[in-house]
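Participant: need a 3D model of the following:
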Amino acid sequence: MERLDLKKQYAAMYRSSARQVQVLELPSLNFLMVDGAIEPGHGPGTSPLFHENVQALYGTAYTLKFMLKQRVVDALDYSVMALEGLWWVEDGHFDIRVKDNWHYRLMILQPEVVTAELLAEALEKLRKKKGEQPALARLRLDRFCEGLAMQMLHVGPYETEPETVKKMDAFAAQHGYQKCGLHHEIYLGDPLRAQPEKLKTILRHPVVVTEGR
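Facilitator: As a prediction, this is how the structure comes out:
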């Protein structure tokens, strides 16, 4: 059986320092994805839809893993990767204290061998095992490429992320970068279970080089 170590293969993307900003060029990769929005009066931690989408993502990711591991021909084993989230607001006014206007795209990196056909088979297996779940119909497989980006590890509650973002903004201004694209978070622990002070989150943001750099 072939063993694929995605964490080692993409180590630069999924390891980061809390002391310094890292700049890297990110390739186009294969992701399992689902889109959603936080309901009025809720945050990610209390949103029923967010919880459903996370559960569907993980359930499908593990089903795909075991399907590939159990294949008679070309069996493949690998670790399920970290949950990731792209975040934005429709009106353009982001406030960490106001969460019920947030939109998101949740993602889990997949091996290149995972195809739309394999995903359809995995979803059918899940439906037979657990019944029809609305979140399963929202899942899709798609490519995602950020290109040039900066990232930094944030340790602590999500509410204190602006402190790390300030450091990243200062780094960008000093080194001739300008942010573009969407705010990206990579959750190195379970965002629904971990204690806030122990949370480790890689914060990432696409950048472009400013003129004169």
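Participant: okay, which residue is most central for the protein?
Facilitator: Nearest to the mean C-alpha position of the chain, counting by CA atoms, centre = their mean, stands Glu84 at 1.2 Å.
Participant: helix, strand or coil for it?
Facilitator: The assignment at Glu84 comes out as strand when based on DSSP: H, G, I helix; E, B strand; the rest coil.
Participant: got the contact list for it?
Facilitator: 31, 106-109, 184-187 (CB atoms under 8 Å, 6 or more residues apart in numbering). The C-beta positions use only the backbone N, C-alpha and C, and glycine is treated the same way.
Participant: could you give the bridge partners of it?
Facilitator: Met107, Ile186 (DSSP bridges).
Participant: ok, it to Leu109 distance?
Facilitator: Glu84 sits 7 Å away from Leu109, going by CB to CB, to the nearest Å.
Participant: what's the local residue count around the residue nearest to Ala12 when sequence neighbours are not counted?
Facilitator: Nearest non-adjacent residue to Ala12, counting by CB to CB, 6 or more residues apart in numbering: Leu24, 5.6 Å away. Under the neighbour criterion other CB atoms under 10 Å, Leu24 is assigned a count of 14.
Participant: surely Leu24 meets Ala11?
Facilitator: No. The criterion here is CB atoms under 8 Å, and Leu24 misses it with Ala11 at 10.8 Å.
Participant: if we can go back for a sec, residue contacts, the residue nearest to Ala12?
Facilitator: 12-13, 148-151.
Participant: repeat the analysis, applying 7 Å as the threshold.
Facilitator: 12-13, 149 (CB atoms under 7 Å, 6 or more residues apart in numbering).
Participant: out of these, who's nearest Leu76?
Facilitator: Met13 (20.4 Å; CB to CB).
Participant: so that closest one lies in a helix, does it not?
Facilitator: Yes. Applying three-state DSSP, one finds Met13 inside a helix.
Participant: nearest spatial neighbour of it, chain-adjacent residues omitted?
Facilitator: Closest to Met13 by CB to CB, 6+ apart is Leu26, at 6.5 Å.
Participant: can you check Arg127 too?
Facilitator: Among residues not flanking Arg127 along the chain, Leu136 sits closest, at 6.6 Å (CB to CB, 6+ apart).
Participant: pLDDT below threshold where in the chain?
Facilitator: Residue ranges of the chain with pLDDT under 70: 92, 191-192, 212-213.
Participant: which residues in it form helices?
Facilitator: Using DSSP state H, the helices of the chain run over residues 6-9, 11-14, 48-69, 116-130, 134-138, 161-175.
Participant: this completes my enquiry, with thanks.
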